[in-house]
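**Q** below are the sequence and a predicted model for it; my questions follow.
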Amino acid sequence: MIALGSDHAGFPLKEEIKKYLEEKGIAYKDYGCYTPERFDYAIAAKKACDGVMSGECEKAILCCGTGIGISMAANKVKGIRAAACSDYFSAKYTRAHNDANCLCLGDRVLGVGLALELVEVFLNTEFEGGRHQTRIDQIMAIEKGEKFFD
Ligand code: RB5
């Protein structure tokens with residue numbers, strides 16, 4: 001299950017992503033917003049990321065105007081590693097190397113075609129583990145306030 005969320009600026013792209021996921025037979029849960037009326041991105045980020053951290057959803061895909069504000073909010077939810085991506089390479093390697101569990105996209109930055117390519121590669125790229133796991137552990141140590149270097 002993929003958690004989806006957006007503010008008003010990201011709402012049109014979220015609707016396109018829903019169509020894409022339906023075509024691919026991928027289940028999703030839409031945590032809002034549900035209309036193009038003004039809606040603050042932090043609310044959508046918190047709801048969708050809670051859906052990931054509860055285990056109901058595997059990953060989140062979030063949209064706002066730039067992809068940045070909603071990624072900042074998402075990264076405040078413990079356990080979330082959100083990446084705002086505007087290019088294919090970043091969307092691939094934020095999975096392969098950062099084990100990102102949340103992709104953030106900017107409706108005012110990306111065309112729908114590229115955005116859906118980023119969704120596809122994000123959903124289909126596995127985390128490589130190995131040396132990258134050490135770095136993920138360090139990120140999570142920062143979140144927990146643990147000492148991880150001398
Ligand atoms: C909303 O106008 C806009 O500021 C928001 O969608 C986003 O781009 C913030 O990062």
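**A** Yep, that arrived.
**Q** element containing residue 149, please.
**A** Residue 149 belongs to no helix or strand when assigned by DSSP states H and E.
**Q** next one, pLDDT for it please.
**A** On pLDDT, residue 149 comes in at 97.
**Q** what's the burial count for residue 19?
**A** 11 (other C-beta atoms under 10 Å). The C-beta positions use only the backbone N, C-alpha and C, and glycine is treated the same way.
**Q** just the CA trace of the helix or strand harbouring residue 113, in PDB.
**A** Remark: residue 113 resides in helix 112-124, with elements defined by DSSP H and E. C-alpha atoms of helix 112-124 as PDB (Å, rounded to 0.1, in the frame of the first residue of the first chain):
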ATOM      1  CA  VAL A 112       3.400  14.800 -15.300                       C
ATOM      2  CA  GLY A 113       5.400  12.500 -17.600                       C
ATOM      3  CA  LEU A 114       8.700  13.000 -15.700                       C
ATOM      4  CA  ALA A 115       6.900  12.800 -12.300                       C
ATOM      5  CA  LEU A 116       5.400   9.400 -13.200                       C
ATOM      6  CA  GLU A 117       8.900   8.200 -14.300                       C
ATOM      7  CA  LEU A 118      10.200   9.200 -10.900                       C
ATOM      8  CA  VAL A 119       7.300   7.400  -9.200                       C
ATOM      9  CA  GLU A 120       8.000   4.300 -11.200                       C
ATOM     10  CA  VAL A 121      11.800   4.100 -10.500                       C
ATOM     11  CA  PHE A 122      11.200   5.000  -6.800                       C
ATOM     12  CA  LEU A 123       8.800   2.200  -6.400                       C
ATOM     13  CA  ASN A 124      10.900  -0.400  -8.300                       C
END
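**Q** now do the helix or strand that comes right after that helix, average pLDDT.
**A** Using DSSP H and E, the helix or strand that directly follows helix 112-124 along the chain is helix 131-144. Average pLDDT, helix 131-144: 98.
**Q** ditto for stretch 45-53
**A** In this model, stretch 45-53 has a mean pLDDT of 99.
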